[in-house]
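Participant: make a model of this:
(one chain, ligands or ions: 1)
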Amino acid sequence: MKTLTGVTRIAGVMGYPVTHSLSPRLHGYWLHRYEIDGTYIPLSVRPEGFSKALAAIPDLGLFGVNVTVPHKEAALAAVDTASEDARRIGAVNTVVVGRDGDLHGSNTDGFGFVENLKAGYRGWTAERGPAVVLGAGGAARAVCAVLIDGGVPEIRLINRTRSRAEILASDLDGPVEIVPWELRAEALDGAALLVNTTTLGMTGNPPLDLVLAALPSVSVVTDIVYNPLETALLRQATLRGNPVVDGLGMLLHQARPGFAAWFGVEPEVTSELRVFVLDGLSG
Ligand code: ATR
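Facilitator: Okay, here's the model as predicted:
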């Protein structure tokens, strides 16, 4: 029988609601897989109590936490130090307690995005060509920042609310061109990468309405939506022969740095892990 012990390392995820988070299942898999005396718990923390709850984790002996909706921006303000990525993106998703009890925040979404693309499409690099990014929320920020860092020649940023795209473009210093939402189909011409970071296509939301005719057939298409795993966008892209990378891997890869920092093992993203986490989506 496996139980917790007096020296069990504790980490978790703070969100509100936190009930749909797949992170406990994901980290729980790795803890079991690597036989680590650790646990990763869901922490349902209301927005009004968030900064107090986060400030308390060193005193409680936690090794750190992931932070999810709606706390990612508040977490940036609440940590003692933040990585450059977190500051650029304006949000923290991973908090590590330092030796001195300080809270260090980082944002691993961009890392997860790139690692997922590299794992799903051999030899992928941002330098391959222009990228079309749909959306201008937190996920789009992480994606654009990491594409710019990877040397993308051009980002065509397309959002329903243009002003949000403008703010994103001015916050991130890079080759970002804003294209009106109405011209999204035309913007696919000559693109090497198409990324959906909007919530369109997610179960319960309308599908993304986008005609792919202008997209070169060698362009990589990826969706950060992973519920369903094959969105209408990915299905349409597959049918016309484009290479596609689904969004589940971004979730799995973004979790790696936190796990390594808290539990001392570099975890691997495997097909068995994908299946295990997917079972949590349907259950
Ligand atoms: P996150 O931070 O997780 O990326 P978000 O800030 O809620 O989430 O962003 C959701 C994205 O989906 C936004 O780009 C949003 O567009 P707006 O900025 O115009 O709101 C986009 N989105 C959501 N519903 C949409 C819809 N019906 N049509 C077009 N875009 C939509």
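Participant: quick one, phi psi at the residue in the chain positioned nearest to the ligand?
Facilitator: Here the chain gets closest to the ligand at one residue, Gly137, 2.4 Å apart by Cβ to the nearest ligand atom. Using the backbone N, CA and C atoms, a C-beta is placed for each residue, glycine as well. The phi and psi values for Gly137, taken as degrees, to the nearest 10, are phi -90, psi -160.
Participant: thought it was touching Thr197?
Facilitator: Yes - in this structure, Gly137 is within contact of Thr197 by Cβ atoms under 8 Å, at 6.6 Å.
Participant: so which bits of stretch 14-23 are buried?
Facilitator: Buried residues in stretch 14-23, counted by 16 or more other Cβ atoms under 10 Å: 14-16, 18, 21-23.
Participant: what's the closest non-adjacent residue to Ser23?
Facilitator: Val13 (4.5 Å; Cβ to Cβ, 6 or more residues apart in numbering).
Participant: could you pull up the residues touching the one you found?
Facilitator: Contact analysis of Val13 by Cβ atoms under 8 Å, 6 or more residues apart in numbering lists 21, 23-24, 40-43, 65-68.
Participant: among those residues, which lie within strands?
Facilitator: With DSSP state E as the criterion, strands contain 40-43, 65-67 from among the contacts of Val13.
Participant: ends of stretch 187-204, what's the gap?
Facilitator: 27 Å (Cα to Cα, to the nearest Å).
Participant: anything in it near the ligand?
Facilitator: Yes - against the ligand, stretch 187-204 shows contacts by Cβ under 6 Å from any ligand atom at 197-200.
Participant: how far does that stretch sit from the chain's center?
Facilitator: 15 Å (Cα atoms, centre = their mean, to the nearest Å).
Participant: and stretch 86-94, by the same measure?
Facilitator: 11 Å.
Participant: mind listing what's buried along that stretch?
Facilitator: Buried residues in stretch 86-94 (16+ other Cβ under 10 Å): 86, 88-94.
Participant: what about the ligand: which of these touch it?
Facilitator: Okay, of the buried residues of stretch 86-94, nothing touches the ligand (Cβ under 6 Å from any ligand atom).
Participant: Val265: how many residues sit nearby?
Facilitator: 15 (other Cβ atoms under 10 Å).
Participant: now it: closest residue in space, sequence neighbours ignored.
Facilitator: That would be Tyr34: by Cβ to Cβ, 6+ apart, it lies 4.9 Å from Val265.
Participant: I'd say that neighbour and Pro267 touch.
Facilitator: Yes - Tyr34 lies in contact with Pro267 (Cβ under 8 Å); the separation is 6.9 Å.
Participant: who's more crowded, these two?
Facilitator: The neighbour comparison of Tyr34 against Pro267 (other Cβ under 10 Å) goes to Pro267, with 23 against 15.
Participant: which bits of this structure sit near the ligand?
Facilitator: 135-140, 159-161, 164, 197-200, 206.
Participant: follow-up on the earlier one: more crowded one of Gly137 and Thr197?
Facilitator: Thr197 (26 against 16).
Participant: which residues touch that one?
Facilitator: So Thr197 contacts 133-135, 137, 139-140, 143, 224 (Cβ under 8 Å, 6+ apart).
Participant: in strands, which of the residues you listed appear?
Facilitator: Short answer: the contacts of Thr197 in strands (DSSP E) are 133-134.
Participant: closest to Ala213 out of the contacts of Thr197?
Facilitator: Among these, Leu134 lies closest to Ala213 (Cβ to Cβ), at 16.3 Å.
Participant: what number of residues lie near Thr3?
Facilitator: 6.
Participant: nope, Glu272 is what I was after
Facilitator: Glu272 has 11 nearby residues by other Cβ under 10 Å.
Participant: now it: which helix or strand?
Facilitator: helix 271-282 (DSSP states H and E).
Participant: what are the buried residues along that helix?
Facilitator: So, applying 16+ other Cβ under 10 Å, buried residues of helix 271-282: 273-274, 276-278, 280.
Participant: CA atoms of it as CSV?
Facilitator: Only the C-alpha atoms of helix 271-282 are listed here, as CSV (Å, rounded to 0.1, in the frame of the first residue of the first chain):
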residue,chain,number,x,y,z
SER,A,271,2.3,8.1,-25.6
GLU,A,272,1.3,6.2,-22.5
LEU,A,273,1.1,9.5,-20.6
ARG,A,274,-1.1,11.0,-23.4
VAL,A,275,-3.5,8.1,-23.2
PHE,A,276,-3.7,8.3,-19.4
VAL,A,277,-4.3,12.1,-19.3
LEU,A,278,-6.9,11.8,-22.1
ASP,A,279,-8.8,9.2,-20.0
GLY,A,280,-9.2,12.0,-17.5
LEU,A,281,-10.8,14.2,-20.1
SER,A,282,-13.5,11.7,-20.9
